[in-house]
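J.: Show me the folded form of this:
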Amino acid sequence: MRYRNIIRYLPLIMLLLMSLKGCASQPRAHINPDYAFTDISFYSLFPRHHQINDIQRLGDFQRNRIELAIEQTMDDLRFSYASEEQADVIVSYFLVQSSLKELNEYHRQVKACLVCTQNELRTLNRKIGPDMLIIDLLSTNNMRSIYRQVSSLKIKPKNTSDENQQLIVEAVQRGLADLAILAKPL
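T.: Okay, the predicted model is just below:
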């Protein structure tokens, strides 16, 4: 009799366990586990004239949209903007379009791979496709990526400017969501 009751409720128990697992607040971002994320108070963005911005040809309007969304999200997470010299991290971003060459150069610039061999680049690019936004946090000590999140971004030409801005804001919020978990003091 007991055996039948267990079998009868097994699907319900499995569903409950799977939903509890989904609630766990484990970061989905690729992180450097040795970095002290709780020490982050100040962030900066690369200035427009920085060489990293030469990798990708984005218009000022698109850059402004992304940077505004980053600033709003970081402010919501209670991080303060500072100059590059005073910041704990630099927030960098890359809007994936169609150029694999630009993407690979971005990986090298943010030191997302050690040597960036073809195998390393292939591994990095495996889950990255067009219309995705990559957000990296770079340590100001060595300018190496310590945090990376890739978010889908489906901007359509027929969307209004406000709709596209909302899509960017949502992608940035998803991209920085794990930072809120990592940066909380235990």
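
J.: Which elements pack onto the host helix or strand of Tyr147?
T.: Here Tyr147 sits within strand 145-152, counting by DSSP states H and E. Judged by 3 or more C-beta pairs under 8 Å, 6 or more residues apart in numbering; DSSP states H and E, the packing partners of strand 145-152 are strand 30-31, strand 89-96, strand 132-139, helix 161-182. Using the backbone N, CA and C atoms, a C-beta is placed for each residue, glycine as well.

J.: Between the ones you listed, which one is closest to Asn104.
T.: Across those, Asn104 has its closest neighbour in strand 89-96 (10.8 Å, C-beta to C-beta).

J.: what sits up against the helix or strand following the closest one?
T.: Once the chain leaves strand 89-96, the next helix or strand it forms, by DSSP H and E, is helix 100-109. With contact meaning C-beta atoms under 8 Å, 6 or more residues apart in numbering, helix 100-109 is reached by 51-52, 55-56, 94, 96, 112-113, 116, 121, 124-125, 128, 134.

J.: Can you tell me which of those residues is closest to Lys158?
T.: The closest of the contacts of helix 100-109, once distances to Lys158 are taken by C-beta to C-beta, is Val96, at 20.5 Å.
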